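Novice: with the input below, show me the fold.
(one chain, ligands or ions: 3)
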Amino acid sequence: MADLFCMESPLQVSPESLAGALDLVDDAVLLIDAIGRVRWCNRAFRELIGATTDVSLQGADPVDLLPLTVQGETIAPANHPATQALTHLTGNLIGELHLPSLKQVAIAWSSLSLVDPNDVVAVIFIRTLPSGEGLPVVENPLPGPPPPPDTLTGLAERSVLMDVLETTLKSARLPESQPDPLPLVVIGISLDQFRIIHNSLGQLDGERLLAQIAARLSSELRPDVLLVRLEMDQLALLGRGDRHWAIQIAELIQSQLRLPFRLGDRHITVTASIGIVVNVSTYDCPLSVIRDVNVAIHWAASAGRGNYKVFEPSLLRRLVEQLELESDLWRALENQDFELYYQPIVLLKNEQIVGFEALLRWHHPQRGHVLPLTFIPLAEAIGLIDPLGDWTLREACCQMQKWRTQFPNLPLSFVSVNISGKQFSQPDLVQQIQQILSETALPARSLILEITESMIMEDMESAILMLKELHRLGVGLAVDDFGTGYSSLGYLHRFPVEILKLDRSFVSSIDVDAEKVEIIQTLVSLAWNLGMDIVAEGVETAKQLAQLRALRCERGQGYFFARPQSARDITRLLQQMSPTQKVG
Ligand code: C2E
Ligand code: CA
Ligand code: CA
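Specialist: Ligands and ions are numbered 1, 2, ... in the order given. Okay, here's the model as predicted:
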């Protein structure tokens, strides 16, 4: 039966042409027409209800032919499998059939609603279960009324999940309630980029795809698991099981979605971000359950497509914190809560300061210092990176020009500014920099922009165009965190880059890892050959400095020389190095 559920394209053959084949199967098969009457039945169905071949069943009401009970309760016509199949509620059920002959047999039925109604709109399969073994017990069947279906997917709607949760949570709070033999679990399934798929395929195909997804997932789930449609692109399921079971289901869902769906002559695969809430019965209200499902989905999605996450309270705390930080970030720029710190970059041979890297600091009024790695991605996400990046560039250029004027005797040649991925893809970045340079009077060669390898590799051709334009402007370009992630060595000669900033991970292991030493050696020779400079990042010990010197690495930066400091502290440092200069 389950295999039939996996059909991805609508059944488009007539019942008559299927008759020969369906008469051979042992399962009773009933085809229902658009007005809910029997269109056709197979031989096994006639045998099941004791109808002879001379009686025409066409046009009969299936509810009369199949008097069903589930766990002793008579099934009302509205909740009858045939009615539900007709209203596109695809599902499974195990119950008892009370035949007019007073014969009582246990049956399992599955219904399949057809996407493309061609007179037949639903198929019901009925299997007689072995007698004497009693009814197979559905594990902790979920309470509540049978779900009204979502017409598109054939799935129950959000309200059904809410009702079932409400009833379950209420009964769990009753004083006489027993602890759950198996915890109640809700799994939220948010289809990644479904809106884009939906818009690019067109609404009809988008909806067909969703219907196929729903049908495929339903067929893979136990009959006692309730699958509902939560939102346009979100499904949820409610079942009983432990954390291990929930994770297995999440993995099963991911693997089912990766199998292609057929839409006309196209094959489409999808991924989903899945959020799991276990121990649902400890919750006070259904809305809190859904909130936590969504929190888990959010973190799953932020880890990339096709992930799942099991909810835990720290995820909610982190999300609330992130939302608060986001709103604080907007105010921070106006309130001047940002400050640029500067970390000296030195010549390794004599530790002389030749430039600085500008590093952004956020002095949060309540939280104190917030790290750039926390707030820069947020600033990118909320669209604040443009004004913030503009402020950073202006501030760094302005400060560098002040130092150049104030300390003309010192060989201060550049300030290095980090550029985020979003900034780098801004079409007007070149004009913006041009304007800042002209406003601050800093020569272009005194500004270095730091970009990462991943920013270049994401769209190499456009990146090269941008790099060339910046190069024409006269600013210096450096590849930050060099050596991590991408291996772009083969492409390096195509980038007009002058500096490779060797990632801290190489430097920190230089005195313990011979392999790393070899890699640094190779990178230094490569840089020499390409006419580039290497800046070693994160130099913390004298031993590392000695090793880097031996490797003929020219420049470095790190706590061993100086930590990032405020402009005021750097000014003091420069004054000490240049005692003849007046205080500015
Ligand atoms: P990064 O560009 O790799 O910056 C170097 C980071 O290493 C800085 O962290 C610096 O404080 C730290 N560091 C320097 N020397 C040492 C050392 O000897 N040991 C150790 N353990 N760390 C050292 P910070 O300031 O927290 O910045 C982190 C990252 O945030 C930066 O990594 C950069 O990617 C980003 N960032 C900082 N400022 C800006 C900015 O203005 N714009 C953008 N887009 N990103 C920024
Ligand atoms: Ca950097
Ligand atoms: Ca770096």
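Novice: show me the helices in the stretch 351-500 of the chain, by range?
Specialist: Remark: helices assigned in the stretch 351-500 of the chain by DSSP state H, counting those that start in this stretch are 372-381, 385-406, 421-424, 429-440, 453-458, 460-473.
Novice: could you list every helix and strand that the shortest one packs against?
Specialist: Yep, that's helix 421-424 we're talking about. Contacts defined by 3 or more CB pairs under 8 Å, 6 or more residues apart in numbering; DSSP states H and E place helix 421-424 against helix 385-406, helix 453-458. Every C-beta, even on glycine, is put in place using the N, C-alpha and C of the backbone.
Novice: which residues does it contact?
Specialist: Contacts to helix 421-424, defined as CB atoms under 8 Å, 6 or more residues apart in numbering, come from residues 380, 385-386, 389, 429, 451-452, 454-455, 458, 463, 466.
Novice: which of the residues in it are buried?
Specialist: 422-424 (16 or more other CB atoms under 10 Å).
Novice: rewinding a little: with distance to ligand 1 and mean pLDDT added, can I get the helices of the stretch 351-500 of the chain in CSV?
Specialist: What follows is those, written out as CSV (distance: least, CB to the nearest ligand atom, whole Å; pLDDT from 0 to 100):
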stretch, distance to ligand 1, mean pLDDT
helix 372-381, 3, 91
helix 385-406, 4, 97
helix 421-424, 7, 92
helix 429-440, 12, 97
helix 453-458, 10, 85
helix 460-473, 15, 94
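Novice: dump these to JSON lines, plus distance to ligand 3.
Specialist: Formatted as JSON lines, the helices of the stretch 351-500 of the chain follow (distance: least, CB to the ion, whole Å):
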{"stretch": "helix 372-381", "distance to ligand 3": "11"}
{"stretch": "helix 385-406", "distance to ligand 3": "16"}
{"stretch": "helix 421-424", "distance to ligand 3": "14"}
{"stretch": "helix 429-440", "distance to ligand 3": "20"}
{"stretch": "helix 453-458", "distance to ligand 3": "11"}
{"stretch": "helix 460-473", "distance to ligand 3": "18"}
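Novice: nearest to Cys553, out of these?
Specialist: Cys553 lies closest, by CB to CB, to one member of those: helix 453-458, at 18.7 Å.
Novice: and the closest residue to Asp480 other than its chain neighbours, how far from Asp503?
Specialist: Nearest residue to Asp480 in three dimensions, chain neighbours excluded: Glu450, at 4.2 Å (CB to CB, 6 or more residues apart in numbering). With distances taken as CB to CB, to the nearest Å, Glu450 is found 12 Å from Asp503.
Novice: and for Gln544?
Specialist: Counting by CB to CB, the gap from Gln544 to Asp503 is 13 Å.
Novice: same question, Val25
Specialist: From Val25 to Asp503 the distance is 64 Å (CB to CB).
Novice: same drill for those two, tell me which one is more crowded.
Specialist: Neighbour totals were compared for Val25 and Asp503, and Asp503 leads with 19 against 14 (other CB atoms under 10 Å).
Novice: okay, now the closest residue to Thr52 other than its chain neighbours: neighbour count?
Specialist: Counting by CB to CB, 6+ apart, the nearest residue to Thr52 once its immediate chain neighbours are dropped is Arg46, at 7.2 Å. Residues within reach of Arg46, counting by other CB under 10 Å, total 16.
Novice: contact partners for Ile448?
Specialist: By CB under 8 Å, 6+ apart, the neighbours of Ile448 are 355, 414-417, 475-478, 498-499.
Novice: let's see that with 10 Å instead.
Specialist: Shown in contact with Ile448 (CB atoms under 10 Å, 6 or more residues apart in numbering): 345, 355-358, 413-417, 475-478, 498-499, 501, 535.
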